[in-house]
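Participant: Based on what follows, work out the 3D shape:
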Amino acid sequence: MVILIRKRHVAYLVLLCCFVAGLSAVLWHGNAAFTAAFAPEEGTPFTVVVDAGHGGEDGGAVAGDGTVESGLNLAIARRVRDLLTFAGMPTAVTREGEDAIYDPGSATLREKKVSDLHNRVDLVNAIPGAVLVSIHQNSLPSSPSTRGAQVFWNRQEGAEALAESVQTALNGAINAGNEKKAAQVPSSVYLMKEITVPGVLVECGFLSNAAETGQLKDPAYQTKLAAAIAAGVLTIRN
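Facilitator: Alright, predicted model coming up:
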């Protein structure tokens, strides 16, 4: 008997398997202590706002082969959203497509970037019970061998616990042998400073590292990253 499987179904199966593997890795490392660290009032679910950093004319960091950060951010953010939605978590996103979300009247690149950041802050702060997960890529041209995913938290209550949960998941799934510690985000990062909700910034890898750039461009690796991030968030929730 020949069984025909549509490519779309195969993709969903792979996504599910990666998600289950990522969640299992987090639970195996024992993150129960972080559970419900920033739960809203009893009976009120929190909403994860998944932010794909940069967009439009603001491409962010650029790899040696010309790969632009903003596109990678969007691809990973979409996967994180889809996995969390699949798991029953309320979600929202800051941008749906390649463009940033600046106001129509913005003319210069600076005006567009400022408007975009202000709009993201307003969007996040307007959602009751919001928690922000912002997806980015790192770059350190002075050290091309540096690699790995690292999570940063803002100063809102519960953000540090969320960052540690996601970092543990990433260390198990992505950073094996190159484990990193979650850290507080620099105060110069406008979005993370201005939001009034718990937020984490996930630097998924280094575009200054040619080998890691190749991985970050791989859809399967993007799914693996997203599964670890989603697992870290869900460990907090459950």
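Participant: Could I get the full set of strands for the protein?
Facilitator: Per DSSP state E, the chain carries strands over the ranges 47-52, 91-93, 130-138, 150-153, 183-184, 199-206.
Participant: Export those strands as a markdown table, with columns for mean pLDDT and distance to Asn73.
Facilitator: (C-beta placed from N, C-alpha, C; glycine too.) As requested, the strands of the chain are arranged in a markdown table below (pLDDT from 0 to 100; distance: least, CB to CB, whole Å):
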| stretch | mean pLDDT | distance to Asn73 |
| --- | --- | --- |
| strand 47-52 | 98 | 4 |
| strand 91-93 | 97 | 11 |
| strand 130-138 | 98 | 5 |
| strand 150-153 | 98 | 15 |
| strand 183-184 | 98 | 20 |
| strand 199-206 | 98 | 8 |
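Participant: TSV please, covering the ones you listed and showing distance to Leu123.
Facilitator: Converted to TSV, those look like this (distance: least, CB to CB, whole Å):
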stretch	distance to Leu123
strand 47-52	7
strand 91-93	8
strand 130-138	9
strand 150-153	20
strand 183-184	23
strand 199-206	12
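Participant: Distance to Thr235 and mean neighbour count for those - can I get that in TSV?
Facilitator: TSV is the format used below for the strands of the chain (distance: least, CB to CB, whole Å; neighbours: other CB atoms under 10 Å):
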stretch	distance to Thr235	mean neighbour count
strand 47-52	13	25
strand 91-93	16	17
strand 130-138	13	26
strand 150-153	13	24
strand 183-184	19	14
strand 199-206	13	27
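Participant: list the contacts for the most centrally placed residue in the chain?
Facilitator: Residue closest to the mean C-alpha point of the chain, counted by CA atoms, centre = their mean, is Ile135 at 3.5 Å. Ile135 sits next to Val50, Asp51, Ala52, Gly53, Asn73, Ile76, Ala77, Val80, Val202, Cys204, Ile229 when contact means CB atoms under 8 Å, 6 or more residues apart in numbering.
Participant: What is the nearest of the residues you listed to Leu140?
Facilitator: Cys204 (14.0 Å; CB to CB).
Participant: distance of the closest one from Leu170?
Facilitator: Cys204 is 8 Å from Leu170, where distance means CB to CB, to the nearest Å.
Participant: between those two, what contacts are shared?
Facilitator: Ala149, Leu225.
Participant: Show me where this protein has its helices.
Facilitator: Using DSSP state H, the helices of the chain run over residues 7-28, 69-86, 109-125, 159-173, 190-194, 210-216, 219-237.
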